[in-house]
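Asker: Output the structure for:
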Amino acid sequence: MQNAAASPWAEPGDSTLRNDIHILENFGLVDGILNTWPLPWAQITYRLADADRDSLPAYARAALDRVRARAASETRQGQAHATLEANLTNQPALVRGFDYTPRQRGEVTASLEYMGDSTALRLSVGAYSRFFKDDSPWYYAGQDQFQASLDGTYLAQRVDNWILYAGWLDEWWGPGETTSLILSTNARPFPKVGFMRSNPHAFETPWLSWIGPWQVTGFLGVLPDDRIVSNTLMFGLRASINPIPGLELSASRVMMFCGSGRPCSPSSFFDGFFGNTNVNAAQQAQDPANQIAGFDARYSNQLFGQPFEIYGELTGEDAAASAIGIPLPSRNAAVIGGSVWNGWGDDGAMWKVNVEYSNSTADFLNKKIFGFFYENFAYPDGYRFYDRTMGDSLDGDAELFGVTGTFIDTDNWTYKVAYYHTNLNPSDNPKNQVSQTAETINIVDLGMSIPMRRNTVGVNLRVQDDSPNSPHSKKPMAALGVSTTIRF
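Answerer: Here you go, the predicted model:
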């Protein structure tokens, strides 16, 4: 679990907060633009002050209380706040979903944050272990080298109903709880400037009010890691609408362009933006961009008093001509899933079960194209940052089926148990950063989060029956992770 001292938005990394917001949305207390993180606190809270708490079931009242308390803590103004976070594990998780788990074996971060009436800033200074070895980042053998980071540092300014920001900000685009194919927190955040609406309320004009609450967010960033094409620029744009209660529809686009030895001009940007990137072999040196785009949807409601949600994401690694005259995503991969939840007893405890399937193979429903998703001839390092994909934590050509159960007790302790079945890299793609060989791995993941007055402690235990890069043999693995967040 990841917590900040104060901020204009709720950041990705805390599935308990995400679940609580979805519970409140299911009762009409939060607008349904919930698949684009960070979520501005103004969007989450503007109806909560007037919520009729007594009309809610006990578990929803508990969720309301948790969100109100979290919002009050994170939106305090006029004073500085400090946070110290530490995450340790003998092995980073293979499957890295929405919950924050360490990307390396050791991470320590100290943050100082101030939030004014319209300006917020945070300075985060951290150290993380960079895991070096010749074969794979998932084996035990290797050497740790600690490196400094500014991950989490930002400056944000509210202008009318917009938030403008610059810094190293984690983002999660999509409805998946285990996988986002287009933009997740699997890779470290890269430095960027961006924007989002502070409150995604609907248009007042009848010509556009039918689309309901809406959000547009975008960024322009750079990948400063050691790459074959250095200083690659990243552009992202996402739009979401909530036309009827419970239904959220979104479209996303991320584009890599410029960088050393690549075309870099306004015309290159616009050619990439409008999908003019499919060139023949003789023109490959002038291909302006590598892009990934897709659509996702989520629907939440109640059936005979039982809350549920279903969702899906379809993301393409390529673009193809369409009947409407503009290129649309093709060579698609997908995520599909659903959740049910409800109260447990009359004192505010609750349970939730999520089932999710994802496949990051291009054209996975037709003639599967291996070694294609997250790869690009113009950018040989692919859609990755510091050797981690910026989408699916299992890299390309991965199939994942997962079942996750969550229980929150009356003291707000969170318990999680998950089972994952994964099929990795069936074509032995040597560029895959998770496994260079085909592997089938089963994983059981147990976690517990304990909130305290100024501290949150997390414990995680994972057991799997095989490891990546272990062809023709079984290499079971067990991992223990502990984390703490202290707020001052």
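Asker: what ranges do the strands span in the stretch 1-150 of the chain?
Answerer: For the stretch 1-150 of the chain, the strands defined by DSSP state E, counting those that start in this stretch occupy 9-10, 36-37, 39-40, 80-89, 106-115, 119-132, 143-149.
Asker: and the second one, what does it pack onto?
Answerer: Think strand 36-37. strand 172-173 (3 or more Cβ pairs under 8 Å, 6 or more residues apart in numbering; DSSP states H and E). C-beta coordinates here come from the backbone N, C-alpha and C atoms, glycine included.
Asker: Swap in 10 Å and give it another go.
Answerer: strand 172-173, strand 214-223, strand 232-241, strand 247-257 (3 or more Cβ pairs under 10 Å, 6 or more residues apart in numbering; DSSP states H and E).
Asker: Which elements pack onto the next helix or strand after the first one?
Answerer: In this case it means strand 172-173. Later in the chain than strand 172-173, the nearest helix or strand by DSSP states H and E is strand 191-197. Strand 191-197 makes packing contacts with strand 39-40, helix 41-45, strand 154-159, strand 162-168, strand 214-223, strand 232-241 when contacts are defined by 3+ Cβ pairs under 10 Å, 6+ apart.
Asker: Take those and write them to a markdown table, including mean neighbour count, mean pLDDT and distance to Pro206.
Answerer: Putting the helices and strands packed on strand 191-197 into a markdown table (neighbours: other Cβ atoms under 10 Å; pLDDT from 0 to 100; distance: least, Cβ to Cβ, whole Å) gives the following:
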| stretch | mean neighbour count | mean pLDDT | distance to Pro206 |
| --- | --- | --- | --- |
| strand 39-40 | 24 | 96 | 26 |
| helix 41-45 | 22 | 94 | 23 |
| strand 154-159 | 18 | 96 | 27 |
| strand 162-168 | 18 | 97 | 23 |
| strand 214-223 | 19 | 97 | 15 |
| strand 232-241 | 21 | 97 | 16 |
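Asker: Relative to Gly152, how far out is Pro471?
Answerer: For Pro471, the distance to Gly152 equals 38 Å [Cβ to Cβ, to the nearest Å].
Asker: Give me the more crowded residue out of these two.
Answerer: Taking other Cβ atoms under 10 Å, Pro471 and Gly152 do not tie; Gly152 has more neighbours (24 against 11).
Asker: tally of neighbours for Asn423?
Answerer: Asn423: 17 neighbours (other Cβ under 10 Å).
Asker: Of all the helices and strands packed on strand 191-197, which one comes closest to Arg487?
Answerer: Proximity to Arg487 (Cβ to Cβ) singles out helix 41-45 among the helices and strands packed on strand 191-197, at 16.6 Å.
Asker: Mind giving me the packing neighbours of that closest one?
Answerer: Checking 3+ Cβ pairs under 10 Å, 6+ apart, helix 41-45 ends up next to strand 9-10, helix 15-26, helix 58-74, strand 191-197.
Asker: now the second one, how far from the chain's geometric center?
Answerer: Here helix 15-26 is found 16 Å from its chain centre; the criterion is Cα atoms, centre = their mean, to the nearest Å.
Asker: mind listing what's buried in it?
Answerer: Buried residues in helix 15-26, defined by neighbour count with 16 or more other Cβ atoms under 10 Å: Ser15, Thr16, Leu17, Arg18, Asn19, Asp20, Ile21, His22, Ile23, Leu24, Glu25, Asn26.
Asker: do the same with the third one
Answerer: If you call a residue buried by 16+ other Cβ under 10 Å, then helix 58-74 has these buried ones: 58-64, 66-68, 70-71, 74.
Asker: that older thread, possible to save the helices and strands packed on helix 41-45 as TSV with mean pLDDT?
Answerer: Shown next, in TSV, are the helices and strands packed on helix 41-45 (pLDDT from 0 to 100):
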stretch	mean pLDDT
strand 9-10	96
helix 15-26	97
helix 58-74	95
strand 191-197	98
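Asker: circling back to that earlier point, quick one: closest of the helices and strands packed on strand 191-197 to Gly447.
Answerer: Judging the helices and strands packed on strand 191-197 by Cβ to Cβ, what sits closest to Gly447 is strand 39-40, at 22.4 Å.
Asker: Quick one: distance of the closest one to the chain centre.
Answerer: The answer for strand 39-40 is 14 Å, by Cα atoms, centre = their mean.
Asker: Next: stretch 50-68.
Answerer: With Cα atoms, centre = their mean, you get 26 Å for stretch 50-68.
Asker: which residues are contacting it?
Answerer: 10, 16-17, 19-24, 26-30, 41, 44-45, 48-49, 305, 307, 341-352, 408-410, 412, 451 (Cβ atoms under 10 Å, 6 or more residues apart in numbering).
Asker: Please report the separation between the first and final residues of that stretch.
Answerer: Taking Cα to Cα, to the nearest Å, stretch 50-68 runs 12 Å from one end to the other.
Asker: what does stretch 363-382 give?
Answerer: Using Cα to Cα, the span of stretch 363-382 from its first residue to its last is 18 Å.
Asker: Any chance of the helices and strands packed on strand 36-37 in JSON lines with distance to Gln436 as columns?
Answerer: JSON lines is the format used below for the helices and strands packed on strand 36-37 (distance: least, Cβ to Cβ, whole Å):
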{"stretch": "strand 172-173", "distance to Gln436": "27"}
{"stretch": "strand 214-223", "distance to Gln436": "22"}
{"stretch": "strand 232-241", "distance to Gln436": "23"}
{"stretch": "strand 247-257", "distance to Gln436": "23"}
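Asker: Nearest approach to Gln433 belongs to which of the helices and strands packed on strand 191-197?
Answerer: Taking Cβ to Cβ, strand 214-223 is the member of the helices and strands packed on strand 191-197 nearest to Gln433, at 14.6 Å.
Asker: on that earlier part again, go through the strands of the stretch 1-150 of the chain and pick out the most buried.
Answerer: strand 36-37 (a mean of 26; mean count of other Cβ atoms under 10 Å).
Asker: Sheet partners, orientation included, of that strand?
Answerer: strand 172-173 (antiparallel) (DSSP bridges).
Asker: can you give me the offset of the partner strand from its chain's centre?
Answerer: Using Cα atoms, centre = their mean, the offset of strand 172-173 from its chain centre is 4 Å.
Asker: Name the nearest residue to Asn35, sequence neighbours excluded.
Answerer: Pro175 (4.7 Å; Cβ to Cβ, 6 or more residues apart in numbering).
Asker: okay but that neighbour is in contact with Leu181, surely?
Answerer: No: using Cβ atoms under 10 Å as the test, Pro175 is too far from Leu181 to be in contact (11.1 Å).
Asker: So which of those two has more stuff around it?
Answerer: Leu181 (32 against 27).
Asker: Would you mind listing the residues in contact with the more buried one?
Answerer: 173-174, 252, 292, 294, 296, 313-317, 332-335, 358-360, 373-374, 383, 389-392, 396.
Asker: Can you flag which of those belong to strands?
Answerer: Residues of the contacts of Leu181 located in strands (DSSP state E): 173, 252, 292, 294, 296, 313-317, 332-335, 358-359, 389.
Asker: Now a ChimeraX select for only the buried ones of those.
Answerer: A single ChimeraX command is used to select the members of those judged buried by 16+ other Cβ under 10 Å:
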select :173,252,292,294,296,313,314,315,316,317,332,333,334,335,358,359,389
